[in-house]
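**Student:** coordinates only, sequence not included:
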């Protein structure tokens, strides 16, 4: 079993920055492929970013150049640095673990989700 606990959400004015954290515990490996999703009110859940566990990162088009995903493998923590925030970034943000991804491989299917953290940009 894996537990993912997000923190760092809040309210911010457009143009500001926030950093989300996701602390992972349980049956988690340090080089697991991890990611972030978000869900805005009344919309489907959207993929935001992925780290393949060994430093290669991928981003959705809407956040590319503004958001940065990173991992501290020693702490089993995943971060999402969000800069130049826009009102359309308002959503609940979820940390996820890839179902089979480890050591540079991502299956792009997700088996564990955190409880989510709210980000509101005005």
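**Tutor:** Cool, the structure landed. It should be emphasised that the depicted structure is a prediction, and the values quoted were computed from it without experimental measurement.
**Student:** for this protein, just list every one of the strands.
**Tutor:** Secondary structure of the chain (DSSP state E): strands at 2-7, 10-12, 18-26, 32-39, 45-51, 57-59, 67-72, 77-82, 91-102, 110-113, 117-121.
**Student:** format those as TSV; extra columns: mean pLDDT and mean neighbour count.
**Tutor:** For every residue, glycine as well, the C-beta is placed using N, CA and C. Shown next, in TSV, are the strands of the chain (pLDDT from 0 to 100; neighbours: other CB atoms under 10 Å):
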stretch	mean pLDDT	mean neighbour count
strand 2-7	96	17
strand 10-12	96	14
strand 18-26	95	18
strand 32-39	96	24
strand 45-51	97	20
strand 57-59	97	16
strand 67-72	95	18
strand 77-82	97	22
strand 91-102	91	21
strand 110-113	95	16
strand 117-121	98	18
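**Student:** who's in contact with residue 95?
**Tutor:** Residues near residue 95 by CB atoms under 8 Å, 6 or more residues apart in numbering: 4, 6, 20, 22, 24, 34-36, 78, 113-114.
**Student:** and which of those is nearest residue 62?
**Tutor:** Relative to residue 62, the closest of those is residue 36; by CB to CB it sits at 12.5 Å.
**Student:** what's across from that closest one in the sheet?
**Tutor:** residue 49, residue 95 (DSSP bridges).
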